[in-house]
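could you work out the structure for the sequence below:
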Amino acid sequence: MNIIIITGASSGIGMEFALQMDNHFDNIDEFWLVARNRSRLTELAKAMGHRTRIFAMDITKRENLDMLESMVSEREAADNAGFEKEANENIRNGISGEQHIVRMLVNCAGYGMMGNFAGQNRDTALGMIRLNCEALTDLTHRMIPYMKRNSRIIQMASSAAFLPQPDFAVYAATKSYVLSFSRALGEELKSRGIYVTSVCPGPVDTPFFDIAESTGSTLAVKKYTMVSADRVAALALRASWKKRSMSVCSLPIKAFWMLTKSLPHGALLKIIGQMKRKGL
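So this is what the prediction gives:
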């Protein structure tokens with residue numbers, strides 16, 4: 001059975017990936033939708049034409065990833081482990097006992113918080129690392145054995161990965177990790193015919209900033225480069241199809257990426273600091 005697993009599927013870019021692939025991927029048997037918000041996952045599943053399973057879980061908890069992996073590897077193993085109720089709730093139109101093939105893993109789960117690091121809540125800061133880095137790495141490692149040639153991995157990074165971000169320090173560092181890890185992983189898996197794409201958009205019109213700006217604010221100029229979630233997902237899927245290692249959305253963000261590769265980061269950080277002081 002061919003499956004697609006999407007984390008962070010309850011809103012934003014994760015939801016867009018699910019909807020767009022549902023319309024265009026005919027060779028997929030099931031979509032597995034993962035997020036903490038069960039009601040939103042249920043609404044998404046009802047809107048999709050493919051058979052779906054929903055997993056309302058926090059993927060920073062190892063026992064949840066254990067459950068997810070057991071359900072990928074062997075149906076009976078998941079049932080015997082005591083997950084019968086969860087399994088039965090998630091399957092529509094029949095149950096299969098066969099092992100699954102992960103044709104695509106899309107890691108969209110993540111969050112960011114703005115503000116001075118020293119003034120941030122410690123648990124919130126560490127939570128970004130656990131979700132954006134540790135859970136992503138753990139789930140990716142677990143799913144690779146169930147992938148075959150021409151399977152794909154899409155990792156949600158960010159343009160914040162291109163340059164250290166004062167007042168967004170932890171988030172930018174986590175996305176720098178995702179970008180570096182994913183590009184290296186892509187080289188390792190290329191000989192097996194498994195392709196990894198890192199998605200590096202700038203600001204996206206999603207609920208992300210509702211959370212991120214609750215403790216700080218971003219540069220005002222960034223709002224002028226904001227793009228839609230459906231555009232980010234569409235370009236990422238195109239890049240994945242073409243076996244590209246990165247997807248950078250919009251000309252301003254591509255220009256920013258080239259700037260961070262050509263100018264010293266120290267000089268760029270001084271410019272950003274001046275822009276912040278001027279309210280730009």
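
quick one: distance of the helix or strand hosting Glu63 to the chain centre.
Assigned by DSSP states H and E, Glu63 belongs to helix 62-73. Computed by CA atoms, centre = their mean, to the nearest Å, the chain-centroid distance of helix 62-73 equals 18 Å.

quick check: buried residues in it?
Applying a neighbour-count criterion of 16 or more other CB atoms under 10 Å, one finds Asn64, Leu65, Met67, Leu68, Glu69, Ser70, Met71, Val72 buried in helix 62-73. In this view, the C-beta of every residue, glycine as well, is placed from N, C-alpha and C.

out of these, the closest to Asn132 would be?
In terms of CB to CB, no member of the buried residues of helix 62-73 lies closer to Asn132 than Leu65, at 15.1 Å.

list the buried ones in stretch 51-62?
Neighbour-count burial for stretch 51-62 [16+ other CB under 10 Å]: Arg51, Thr52, Arg53, Ile54, Phe55, Ala56, Met57, Ile59, Thr60.

and the third one, its phi and psi?
Arg53 adopts backbone torsions of phi -130, psi 140, taken as degrees, to the nearest 10.

ok, it touching Glu30?
Yes: Arg53 is within contact range of Glu30, at 6.1 Å (criterion: CB atoms under 8 Å).

pLDDT below threshold where in the stretch 151-280 of the chain?
Within the stretch 151-280 of the chain, the ranges that satisfy pLDDT under 70 run 207-224, 277-280.

quick one, strands of it?
Assigned by DSSP state E, counting those that start in this stretch, the stretch 151-280 of the chain shows strands spanning 152-156, 195-199, 204-205, 227-228, 246-247.

would you mind measuring from the most centrally placed residue in the chain to Ser182?
For the chain, the residue nearest the mean C-alpha position is Cys108 (1.7 Å; CA atoms, centre = their mean). From Cys108 across to Ser182, the span is 13 Å (CB to CB, to the nearest Å).

please apply the same query to Ala9.
19 Å.

send me stretch 263-280 as CSV with only the CA atoms.
The C-alpha coordinates for stretch 263-280 follow below in CSV (Å, rounded to 0.1, in the frame of the first residue of the first chain):
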residue,chain,number,x,y,z
LEU,A,263,28.2,39.2,1.6
PRO,A,264,29.6,38.7,5.1
HIS,A,265,27.0,37.8,7.6
GLY,A,266,28.3,40.3,10.1
ALA,A,267,27.7,43.1,7.6
LEU,A,268,24.2,41.9,6.9
LEU,A,269,23.4,41.7,10.6
LYS,A,270,24.4,45.3,11.1
ILE,A,271,22.1,46.3,8.3
ILE,A,272,19.2,44.4,9.7
GLY,A,273,19.9,46.0,13.1
GLN,A,274,19.7,49.4,11.6
MET,A,275,16.5,48.6,9.8
LYS,A,276,15.0,47.4,13.1
ARG,A,277,15.9,50.6,14.9
LYS,A,278,14.3,52.6,12.1
GLY,A,279,11.1,50.5,12.2
LEU,A,280,11.6,49.2,8.7
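
and it, how far out from the chain's middle?
28 Å.

what sits against Glu134?
Thr60 (CB atoms under 8 Å, 6 or more residues apart in numbering).

now do the same for it: helix, strand or coil?
Under DSSP: H, G, I helix; E, B strand; the rest coil, the three-state class of Glu134 is helix.

on that earlier part again, and of the strands of the stretch 151-280 of the chain, who's closest to Ala35?
Using CB to CB, the nearest of the strands of the stretch 151-280 of the chain to Ala35 is strand 152-156, at 13.2 Å.

and the closest one, what does it pack against?
The contact analysis (3 or more CB pairs under 8 Å, 6 or more residues apart in numbering; DSSP states H and E) places strand 152-156 against strand 101-107, helix 136-143, helix 169-189, strand 195-199, helix 229-241.

what's the most buried one of these?
strand 195-199 (a mean of 26; mean count of other CB atoms under 10 Å).
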